[in-house]
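# take a look and give me a structure for this.
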Amino acid sequence: MLTPLVEYIIGAVVGVLAIIQLLYLFVMYYAPHRRCVAERKGKLAPSEVKPGMSVIITASDQETLLEKNLPHILNQDYPNFEVIVVDDNSQDDTKDLLERLSHKYPNLYMTYTSDSMRYVSHKKLALTLGIKAAKNEWVVFIEPDCYPVSNQWLARLARHCTDTTDVVLGYSNYERMPGFANLCYMYDTLMQQLRMLGLTLRGKGYMGIGRNMAYRRKMFFAHKGYSRHLDLERGEDDLFVNEHIAAKRITADISTESVVRCSSTSTRAWKTDKLTRLFIRRKMKGISLHLLTADFITRMLLYIAAIAAIAVGIASQGWWLVGTSAALLLTYLACRILILYQTARDLDERRYYVSTILFDIIRPFWELYFRLCLWIMPKDMHMRRK
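Residues are numbered from 1 along each chain as shown. Prediction:
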């Protein structure tokens, strides 16, 4: 039998962890939904200014994807924009495709990189060429395998291009496909995006993802572009925003009209992307990263502590401990499911309902797997070698 003092200590631990996680839910994860509600009630007055925008896409042997996705970008309902595609030494018919499309869309421009550069990321070189070629102050980034779901994509991002903003972020995720693997990819990306956007809306922006992001062109030149990390294969968006943009000058648009979808990925591609982002995260800085780590750790500890407290309470017939621990855990789970459901609905995203619990249980295992993979990989795996 446990003494009352020990039972109180166990109950207090579960209670503290539950309070911490509820704070994360309502302060960070709930922020995107709160922004949507405020907009629907007319409490926010977005800017009516429509600055010129330059959409920059880099592509290498991705003719099929460009043929599918470029029309979604070129047909945006926006008065002043251009689309610049940087052909990164493609060997397929990308050049022919772009020339054909340029006859139909006069605001489509193209430029090219050569294969002569060594030990410099071709992705960063291609983006630099695109930014230099841009005619407008605001440059917008999207990948060739992605497309905006609405012709109001640029208009929604432009609403936030004010004097107090340097970076505007939007939500992106994969296309919805059948199968458990796609369910895992989309849930993992949903959580990543909600953390990034939630902290951004709370004034703690710390990074950006080049699938759906805009920033001021002058910021790129003011900080000498990607010069600090040209030896890294990727990290052009994460590190640039993290190192050079003040957190309070980063904002986000939360709406179905600014959502970007990416072609459904394979397990190998998802794994590569996860490993790359984990590697880049090691080089990032800021309190937001510590907050995210604390979120993950306290959530896992809550599950472990609550289940252990229930088991110990049953064994020692401490029924108040069983009831209190179960009530705290169920309250947290109910709030988590509700908040994720509301936010997913705001973004026209897949709803997870009770499967949220399943993914909360299995995600630590795949996160551990990715970290082990990163640990055993060669140290120069993510460096530019060719």
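
# can you tell me the element residue 111 falls in?
In the assignment (DSSP states H and E), residue 111 maps to strand 108-113.

# what mean pLDDT does that strand have?
Mean pLDDT, strand 108-113: 89.

# pick out the residue closest to the middle of the protein.
Closest to where the C-alpha atoms of the chain average out (C-alpha atoms, centre = their mean) is residue 193, at 3.6 Å.

# my read: that residue touches residue 172, true?
Yes: Residue 193 is in contact with residue 172 according to C-beta atoms under 8 Å; the separation is 6.9 Å. The way it works is simple: take the backbone N, C-alpha and C, and place the C-beta from them, glycine included.

# residues shared between the contacts of those two?
Residues touching both residue 193 and residue 172 (C-beta atoms under 8 Å, 6 or more residues apart in numbering): residue 209.

# how much space between residue 368 and residue 44?
Using C-beta to C-beta, to the nearest Å, residue 368 is found at 40 Å from residue 44.

# mind listing the helices for the stretch 101-250 of the chain?
Shown for the stretch 101-250 of the chain, the helices assigned by DSSP state H, counting those that start in this stretch span residues 122-133, 153-158, 180-201, 217-222, 238-244.

# partners of the helix or strand that the last one is followed by, with directions?
Spelled out, it's helix 238-244. Next helix or strand after helix 238-244 toward the C-terminus (DSSP H and E): strand 250-252. Pairing partners of strand 250-252, with direction, according to DSSP bridges: strand 167-169 (parallel).

# please tell me I have it right and residue 201 contacts residue 31.
Yes: in this structure, residue 201 is within contact of residue 31 by C-beta under 8 Å, at 4.2 Å.

# could you list the low-pLDDT ranges of the stretch 1-150 of the chain?
Within the stretch 1-150 of the chain, the segments meeting pLDDT under 70 span 1-2, 115-121.

# how about the secondary structure of residue 342?
Assigned with DSSP: H, G, I helix; E, B strand; the rest coil, residue 342 falls in the helix class.

# how far away is it from residue 176?
19 Å.

# compare these two (neighbour count), which wins?
Neighbour totals were compared for residue 342 and residue 176, and residue 342 leads with 17 against 13 (other C-beta atoms under 10 Å).

# quick check: the more buried one touching residue 31?
No: assessed by C-beta under 8 Å, residue 342 is found out of contact with residue 31, at 11.7 Å.
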